[in-house]
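> Got a predicted model here, sequence first, then my questions.
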Amino acid sequence: MVTIVLLGKLADLAGAPTLQLAAPLDWAGLKAGLPEALAAVLDDPRNRAALNGALVADKSALQASAGDEIALLPPVSGG
């Protein structure tokens, strides 16, 4: 299984702060396994993804194996 960690408004769209999806997992498989409202916003370049704590430069190239963690990060603003 791959653990999906959702932060901020992305967790709100998913209805939970974490999800589990079957491995192996690529970007298309990730989006297909997520709630529709969440999957619809993930391609926005302001939303970032991290694999095992490291930001992924090209989300479409994401490849996750069993035991990996994907964090989905919404844009943040400072103040």
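All right, it came through fine. Quantities reported herein were computed from a predicted structural model and do not represent experimental measurements.
> Using PDB, write out the CA atom coordinates for stretch 39-57.
Output of stretch 39-57 as PDB, limited to C-alpha atoms (Å, rounded to 0.1, in the frame of the first residue of the first chain):
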ATOM      1  CA  ALA A  39      -8.400  14.600  -8.400                       C
ATOM      2  CA  ALA A  40      -9.900  17.500 -10.400                       C
ATOM      3  CA  VAL A  41      -7.500  20.100  -8.700                       C
ATOM      4  CA  LEU A  42      -4.300  18.100  -8.600                       C
ATOM      5  CA  ASP A  43      -3.000  19.100 -12.000                       C
ATOM      6  CA  ASP A  44      -2.900  22.800 -10.900                       C
ATOM      7  CA  PRO A  45       0.800  23.600 -10.800                       C
ATOM      8  CA  ARG A  46       0.400  25.400  -7.500                       C
ATOM      9  CA  ASN A  47      -0.400  22.000  -5.800                       C
ATOM     10  CA  ARG A  48       2.800  20.100  -5.200                       C
ATOM     11  CA  ALA A  49       3.600  16.500  -4.500                       C
ATOM     12  CA  ALA A  50       6.300  14.900  -2.400                       C
ATOM     13  CA  LEU A  51       7.500  11.300  -2.400                       C
ATOM     14  CA  ASN A  52       9.000  10.100   0.900                       C
ATOM     15  CA  GLY A  53       9.700  13.700   2.000                       C
ATOM     16  CA  ALA A  54      11.200  14.900  -1.300                       C
ATOM     17  CA  LEU A  55       9.400  17.300  -3.600                       C
ATOM     18  CA  VAL A  56       8.600  15.800  -7.000                       C
ATOM     19  CA  ALA A  57       9.600  18.200  -9.800                       C
END
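> what stretches of the protein score poorly on pLDDT?
Low-confidence segments of the chain (pLDDT under 70): 77-79.
> Now do the helices in it.
Per DSSP state H, the chain carries helices over the ranges 9-14, 27-33, 36-39.
> what's the second one packed up against?
Using 3 or more C-beta pairs under 8 Å, 6 or more residues apart in numbering; DSSP states H and E, the elements in contact with helix 27-33 are strand 18-21. Placement of C-beta: from N, CA and C, glycine included.
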